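Asks: heads up, no residue letters with this:
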Ligand SMILES: Nc1ncnc2c1ncn2[C@@H]1O[C@H](COP(=O)(O)OP(=O)(O)OP(=O)(O)O)[C@@H](O)[C@H]1O
């Protein structure tokens with residue numbers, strides 16, 4: 001379990017993380033979302049004791065990171081790709097980490113097998129592809145067999161096979177009862193991987209809820225309709241006080257009404273329907289709606305302060 005209480009980080013005037021309070025629980029994959037610069041990496045660095053909070057507190061299974069004996073056996077993390085010595089082999093890189101963390105040598109072979117790097121274990125890592133590098137970073141995170149795992153943008157730059165592999169791994173780790181905390185900008189991928197979401201904007205907590213609840217609350221489902229009697233059905237729907245949105249290709253959508261009600265209204269007026277389907281909103285839509293406000297505020301505040309706007313500074317030496 002990871003517990004944050006009022007966690008705050010300032011860099012001069014800039015408040016990168018602003019009184020964050022939430023708990024990352026075991027047994028599920030928790031996604032960590034936020035627009036660029038919202039404070040995700042800073043938060044993760046504070047969890048690992050790499051940055052010191054200006055205020056507040058963060059605990060790993062009840063303890064501060066720097067109080068953990070052999071921390072890799074409590075929490076494993078992937079923060080940045082290729083953060084290792086390129087002249088070493090994958091095997092030696094992991095062996096050094098194991099030896100300095102009181103981890104038995106046999107774990108090196110085990111984690112290399114888990115991440116599929118056994119065949120290249122003795123090769124120098126500087127020749128590794130991005131995907132192999134991510135696998136090695138994940139092997140290091142798994143080395144101490146920790147109960148808590150944290151991954152910052154683990155699928156960045158990976159091919160579909162690599163992305164699928166990481167997704168499966170995270171779900172497996174959570175199913176084993178571990179705590180899995182992962183950030184990503186790839187909404188479609190996050191929608192497939194995470195059960196729970198923590199969303200931040202400008203360093204502040206915007207949501208801490210299940211994936212299903214987050215999407216429903218922030219986007220809401222809609223009903224898609226196609227009919228050859230378009231004008232008459234529009235009159236009926238407007239007459240019933242429903243808001244209709246055109247979606248192109250002759251279809252339209254209604255929010256805030258069950259398909260049953262629309263079907264019954266059409267039947268009462270003897271109107272033909274060619275389609276009546278519930279549209280599940282995407283995580284991306286929900287995320288964009290929730291964070292748009294904080295991004296807009298940011299843009300306005302910058303403009304008001306005479307700060308940098310889109311395109312400023314382009315072409316200057
Ligand atoms: N060492 C630092 N010194 C000054 N400002 C910093 C420092 N590290 C981060 N910041 C600022 O703090 C804010 C949060 O940055 P952070 O990297 O944590 O965001 P993020 O959510 O991880 O962004 P991204 O999605 O782009 O990776 C940003 O405005 C960033 O410029």
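Replies: In hand now; what should we look at? Quick caveat: nothing in here was measured; it's all calculated off a predicted structure.
Asks: the ligand contacts on the chain?
Replies: 11, 14, 16, 34, 36, 37, 38, 39, 40, 41, 42 (C-beta under 6 Å from any ligand atom). Heads up, the C-betas are built off the backbone N, CA and C, glycines and all.
Asks: now do the contacts for the first one.
Replies: Right, residue 11. Residues in contact with residue 11 (C-beta atoms under 8 Å, 6 or more residues apart in numbering): none are found.
Asks: about what we covered before: which pair in the residues of the chain next to the ligand spans the largest distance?
Replies: Greatest spacing in the residues of the chain next to the ligand, by C-beta to C-beta: 11 and 34 (16.7 Å).
Asks: so what's the residue of the stretch 151-300 of the chain found nearest the ligand closest to, chain neighbours aside?
Replies: As assessed by C-beta to the nearest ligand atom, the ligand sits closest to residue 185 within the stretch 151-300 of the chain, at 6.4 Å. Among residues not flanking residue 185 along the chain, residue 153 sits closest, at 7.0 Å (C-beta to C-beta, 6 or more residues apart in numbering).
Asks: check contacts around that neighbour.
Replies: Residues in contact with residue 153 (C-beta under 8 Å, 6+ apart) are 183, 184, 185.
Asks: the last one: neighbour count?
Replies: Taking other C-beta atoms under 10 Å as the neighbour definition, residue 185 ends up with a count of 15.
Asks: can you tell me the SS state at it?
Replies: Classification of residue 185 by DSSP: H, G, I helix; E, B strand; the rest coil places it in coil.
Asks: for it, give its distance to residue 230.
Replies: Distance of residue 185 to residue 230, given as C-beta to C-beta, to the nearest Å: 39 Å.
Asks: what's the residue nearest to residue 130 when sequence neighbours are not counted sitting at in phi/psi?
Replies: Once flanking residues are discounted, residue 130 sits nearest to residue 157: 4.7 Å by C-beta to C-beta, 6+ apart. The phi and psi values for residue 157, taken as degrees, to the nearest 10, are phi 80, psi 10.
Asks: surely residue 157 and residue 132 touch.
Replies: No. Contact criterion C-beta atoms under 8 Å: residue 157 and residue 132 do not qualify, at 11.7 Å.
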